[in-house]
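Participant: Got a predicted structure plus its sequence, pasted below:
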Amino acid sequence: MPHRPSRANVGRRQAANHLFTVLAILSTVLVIAPLFAILVYLLFQGVRSLNVAFFTHLPRPVGEPGGGMANSIVGSGIILSLASLLGIPLGIGAGIYLHEYGGGKTLANAIRFTADVLNGVPSIVMGIAAYSLIVVPQKHFSAFAAGVALAIMMVPTVTRTTEEMLATVPNAVREAALGLGIPKWRTVMTVSLKTASPGIITGCMLAFARVAGETAPLLFTAFGNQFWPTSLNEPIAALPLQIFVYAVSPYDEWHRLAWAGALVLIVLIMVSVTLVRVVTGRGMLNGGH
Amino acid sequence: MTIQHSEMEEARAASEVRRFLMQRGSGGVADRTFAALMLGCALSIFAIVALILGILILRSRLSLHEFGFSFFLRSDWDPVRGSFGAVPFIWGTLASAFLALLIAVPLALGVAVFINEMCPRALRTPISFLTELLAAIPSVVYGLWAIFVLVPIMRSSIGPFLKKFFGWTGLFHGPNFGIGLLTASMILAIMVLPVISSIARDVMKAVPNTQREGVLALGATRWEMVRIGVLRNARIGIVGAVILGLGRALGETMAVTMVIGNHAAIPKSLFAPAYTLASVIANEFTEATGDLYLSALIEIGLALFLVTIVVNAIARLLVFMVTRGNTARAV
């Protein structure tokens, strides 16, 4: 008896096809739904609670209405500047080594792998490490310790993007520079790095956006403060930390401030991520191609 | 005489020019310094990992010495009596991470398949951008949202619904406060989703188109093409993506701390409050009185560090096996 394709089988297969198409679409909707739920609710609560005092005033004690997070915003700015100052040069340097000097060596592969693994270490562990390394010997919490913890978290991202972006620079450009008698270090700095700079800046901003919202490493390094920061060697307020403290408190007034803080934080992060997207979308990343 | 002298002068000048050029070339001091500096930056990544490991071992030696390996077998956490065991936290961490993956993996794979294989070209960029935005929201904001939106929903509708229809499984007994293991797992699922889906997409992208075309040419439907041509070829990398998500879920701190209930006991139900390794550190570290208490908490941090390193290393290797290093970006 000749084997004939059975219609029933085709029907079943088509049904499975439709079923899984629907499931894939459904899961996409289910994934994007919380994003909108969070953003819309945040916008609603945040805009309602945001006012000028939020940006200009210090936090008030419980029971007193008003007050703001001015010192936390400044504190976050200080910690993040410190982290960028420490983490970005280190990351870019490591990225330069990986692409311009490392080549396919075992050492370079090991560093690449370690960077990826370091990227997955929980942020709270960075907090304990910075606490043990800096806070314990100094015997007090400090902005510096917080900056170091966040800097360590920025390094792997910056390293890997720098390496990837340097890989997009055509070798002909390097050879042209070397052929003119320019030493290698100047070739790297003024030719390779400069050509890849839009992409490297993108990577730095991504790393910045990632650590900007980190709270866990700040718990036992920055610790928080009710007043204006005056030095890097004392406990300092930070926006994510203040949001956490206010969110778990039992006071409505503080909850209001937590929402406003969350909105400010997310706008900061979204703006940098979107900026990155716009810059990369224009093809500025193809440096030299 | 004068002619000979000028010839010597010329020869010396030429050699000086050559030396000058050599100095500026690859043998120059500046070049060697620069190369050493860059190597130093790269080696500092090793140094950072070694330093973290070293300092964690150093600061937790009191607890390591006092309890030894039994620290991870004791279920007693009583700071007042100085008795410390990590079992409730290990249990809470594993349970919340496992539940989160149970929710997140099918959704993440669905999204990855949709974006890579089905999505109209015009929608591809916006949808992948939106899923990436999910990764950009800070943990503390997820926690805030969970406290004020997810917890009330859990208490008033999802909880009672599960109790009514799935109460017979025995997983949902006990009072439903809204906070607890299940709520923490749900927020955790939302947070690990973008990690899993973006790596899964990278892995699926690495499958050559000839595989898809070959399966389609045999008369397969689109789902069969995805199942046989894509998922089967990318399965090792997909497992890697899931393990990477597991690594994230194990170490996630703030959002979980805000909704898991923070109770150091092995949860008897999905509604029960629990505690994770990361959240016990976040909650009790600054309040820890006594050296043993502090070093027990640091030992928990050490355990978390080692576990996430192993988990991440395995995941990276699996992903690397499929993509051969062609991932778009380290997430």
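Facilitator: Here it is on my side, so go on.

Participant: Low-confidence stretches in the chain?
Facilitator: Went with chain A since none was named. A:1-8, A:103, A:277, A:279-289 (pLDDT under 70).

Participant: oops, I was thinking of chain B
Facilitator: B:1-8, B:13-14, B:17-27, B:324-331.

Participant: which stretches of it form strands?
Facilitator: Under the criterion DSSP state E, strands of chain B are mapped to B:77-78, B:83-84.

Participant: who touches the first one?
Facilitator: Where contact means C-beta atoms under 8 Å, 6 or more residues apart in numbering or on different chains, the residues beyond strand B:77-78 that reach it are B:83-86, B:88-89, B:264, B:280. (C-beta placed from N, C-alpha, C; glycine too.)

Participant: Then the last one?
Facilitator: Applying C-beta under 8 Å, 6+ apart, the contact partners of strand B:83-84 are B:63, B:67, B:71, B:74, B:76-78, B:292-293, B:296.

Participant: rerun at 7 Å
Facilitator: Contact partners of strand B:83-84, identified using C-beta atoms under 7 Å, 6 or more residues apart in numbering or on different chains, comprise B:63, B:67, B:71, B:76-77, B:296.

Participant: For the buried ones among the contacts of strand B:77-78, write the corresponding ChimeraX selection.
Facilitator: Buried subset of the contacts of strand B:77-78, written as a ChimeraX selection, criterion 16 or more other C-beta atoms under 10 Å in any protein chain shown:
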select /B:84,85,86,88,89,264,280
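
Participant: Just want the most central residue of the chain.
Facilitator: Assuming you mean chain A. Residue closest to the average C-alpha location in chain A (C-alpha atoms, centre = their mean): residue A:210, at 1.3 Å.

Participant: wait, chain B
Facilitator: Of the residues in chain B (compared using C-alpha atoms, centre = their mean), residue B:248 is nearest the centre, at 2.9 Å.

Participant: contacting residues for that one?
Facilitator: By C-beta under 7 Å, 6+ apart, the contact list for residue B:248 reads B:192, B:195.

Participant: show me what contacts residue B:116?
Facilitator: B:201, B:204-205.

Participant: Could you single out the nearest of these to residue B:33?
Facilitator: residue B:205 (41.0 Å; C-beta to C-beta).

Participant: distance of that closest one from residue B:112?
Facilitator: For residue B:205, the distance to residue B:112 equals 10 Å [C-beta to C-beta, to the nearest Å].

Participant: higher neighbour count, the two?
Facilitator: Counting neighbours by other C-beta atoms under 10 Å in any protein chain shown for residue B:205 and for residue B:112 shows that residue B:112 has the greater number, 30 against 16.

Participant: domain ranges for chain B?
Facilitator: Annotated domains of chain B cover B:2-59, B:62-323 [automatic domain parsing].

Participant: Deepest-packed of these, please.
Facilitator: Most buried of the domains of chain B, by mean neighbour count (mean count of other C-beta atoms under 10 Å in any protein chain shown): domain B:62-323, with a mean of 20.

Participant: Measure how far it is from the centre of its chain, please.
Facilitator: 9 Å (C-alpha atoms, centre = their mean, to the nearest Å).

Participant: do the same with stretch B:57-74
Facilitator: 25 Å.

Participant: Show the end-to-end separation of it, please.
Facilitator: With C-alpha to C-alpha, to the nearest Å as the measure, stretch B:57-74 spans 20 Å from end to end.

Participant: close to chain A, is that stretch?
Facilitator: Yes: counting by C-beta under 7 Å from any C-beta of the partner chain, chain A has neighbours in stretch B:57-74: residue B:59.

Participant: give the contact list for the closest residue to residue A:222 other than its chain neighbours.
Facilitator: Using C-beta to C-beta, 6 or more residues apart in numbering or on different chains and skipping residues adjacent in sequence, the residue nearest residue A:222 is residue A:146, 3.8 Å away. By C-beta under 7 Å, 6+ apart, residue A:146 lies in contact with A:79, A:217-218, A:221-222, A:236, A:238.

Participant: Which helix or strand lies directly C-terminal to the one helix or strand residue A:146 maps to?
Facilitator: Residue A:146 is part of helix A:143-167 when elements are defined by DSSP states H and E. Once helix A:143-167 ends, the next helix or strand along the chain (criterion: DSSP H and E) is helix A:171-179.
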